[in-house]
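In: Quick check, what structure comes out for this input:
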Amino acid sequence: MESTAMAMRMRPSLADITVPASVANLGPGLDVLAVALELYLHVRAYSLPGQGKNELRFDFVGFELDGENFIERAFRFMAVRRGVDFPSLSVEVRSEIPSRSGLGSSAAATVAGLRLYDALFGPIPLQELLNTASELEGHPDNAAAAILGGLTTSCALEDGSVIALSMPWPEAVRFVVLTPNLGLDTSASRRALPKQLRREDAVFNLQRVALLVQALHSREHSLLREALRDRCHQPFRLVLVPGLEEALELQHPDLLGVCLAGAGPSILALAEKNVAAVQELLANAYRPLGIPFQVRTLRAYQDGTCQRQPCVLPATTPANLG
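Out: Predicted coordinates:
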């Protein structure tokens, strides 16, 4: 089996695809804001001669698949929607993105599956790519960031289509990401959220979403701590995310702010100087919990497909995947 895999790698690949991780919400921007990170999912596809059509064989290198194969799901979704057969493929997957961590692993896999189809059958229009990824994901935030790069804002229209815009993330602002060695399903994290909010809490978040975007745009980074505050989802997820309450209360001259990474359980801190001290501050707050964790310092992934361009397409009808 190993010799077969090695032989495959000696042959030219049909597609080489890299998709970034992403962090959604950024405090107040629930299901609206996301930013792409320099942490990647890599997919390489080879032909499987003599195997007929429509077969996919996956090799997950260095990790085991945890749950559904979203790469295959998205690829087959497009093939069914377009009504095409495809040559049988051997697909090698390498990932730096931990699953169920709040770092957009499912969105990255979904986008990778669509990009794989794109590589074999020609470009999917960018607008259709965004809408289809959002349709499969169920919400557009991580998908938009994985496709566009930078800081993205997403707007789901009443017909099910999506408008998304991207702006560069300030190069000086780094992401200190603490990821505990435990997973949290997005569905479980969403069930913790209330069905209704008080008007004052909704206004509180609207004010801070606007403040966050403008503070980043104008480089007023001292305002980020206030701009990252939230009343819509983080207070209700405290019981699901060990260490979040303590992290939100951290104080340091070089700490720009803290928030939950997506639905969790990763925790995100922002810093632009003395980043090592901020990293240690976050780690020290988490160590007493006795849960293994990893801390990374990352940059934003900026090189998206459509920087600063609106992407909108009328809603499409989901294909029957059988």
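
In: In which helix or strand does residue 207 reside?
Out: helix 199-218 (DSSP states H and E).

In: heading toward the C-terminus, what's the first helix or strand past that helix?
Out: helix 224-227.

In: and for that following helix, what are the contacting residues?
Out: 27-28, 173, 208, 211-212, 215-216, 255-257, 270 (C-beta atoms under 8 Å, 6 or more residues apart in numbering). For glycine as for every other residue, the C-beta is placed from the backbone atoms N, C-alpha and C.

In: Any buried residues in it, and which?
Out: 224-225, 227 (16 or more other C-beta atoms under 10 Å).

In: Likewise for stretch 287-301?
Out: Those would be 293, 295-296, 298, 300-301, for stretch 287-301 by 16+ other C-beta under 10 Å.

In: and what of stretch 252-262?
Out: Quick answer for stretch 252-262 (16+ other C-beta under 10 Å): 255-262.

In: With stretch 168-185 instead?
Out: In stretch 168-185, the ones that count as buried by 16+ other C-beta under 10 Å are 169-170, 173-180, 183-184.

In: Which two among those are spaced furthest apart?
Out: 170 and 183 (30.7 Å; C-beta to C-beta).

In: quick one, longest strand in this structure?
Out: Ordering each strand of the chain by length in residues (DSSP state E) puts strand 29-47 first.

In: ok, residues contacting the helix or strand that comes right after it?
Out: Using DSSP H and E, the helix or strand that directly follows strand 29-47 along the chain is strand 56-60. The contact list for strand 56-60 (C-beta under 8 Å, 6+ apart) reads 5, 48, 65, 69, 71-72, 75-76, 88-93, 95.

In: Paired strands for strand 56-60, with orientation please.
Out: Strands that pair with strand 56-60, judged by DSSP bridges, come out as strand 89-95 (parallel).

In: which helices and strands does whichever helix or strand comes after the strand it pairs with pack with?
Out: Later in the chain than strand 89-95, the nearest helix or strand by DSSP H and E is helix 105-121. Applying 3 or more C-beta pairs under 8 Å, 6 or more residues apart in numbering; DSSP states H and E, one finds that helix 105-121 contacts strand 15-25, strand 29-47, helix 70-82, strand 89-95, helix 126-137, helix 141-148.

In: Could you say which of those is packed most deeply?
Out: helix 141-148 (a mean of 32; mean count of other C-beta atoms under 10 Å).

In: Dump the next helix or strand after it to CSV, keeping only the CA atoms.
Out: Next helix or strand after helix 141-148 toward the C-terminus (DSSP H and E): strand 151-156. Extracted C-alpha coordinates of strand 151-156, given in CSV (Å, rounded to 0.1, in the frame of the first residue of the first chain):
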residue,chain,number,x,y,z
LEU,A,151,-11.0,40.5,6.7
THR,A,152,-14.4,39.7,5.3
THR,A,153,-17.9,40.9,5.9
SER,A,154,-20.8,38.7,4.7
CYS,A,155,-24.4,39.4,4.1
ALA,A,156,-26.9,36.6,3.5
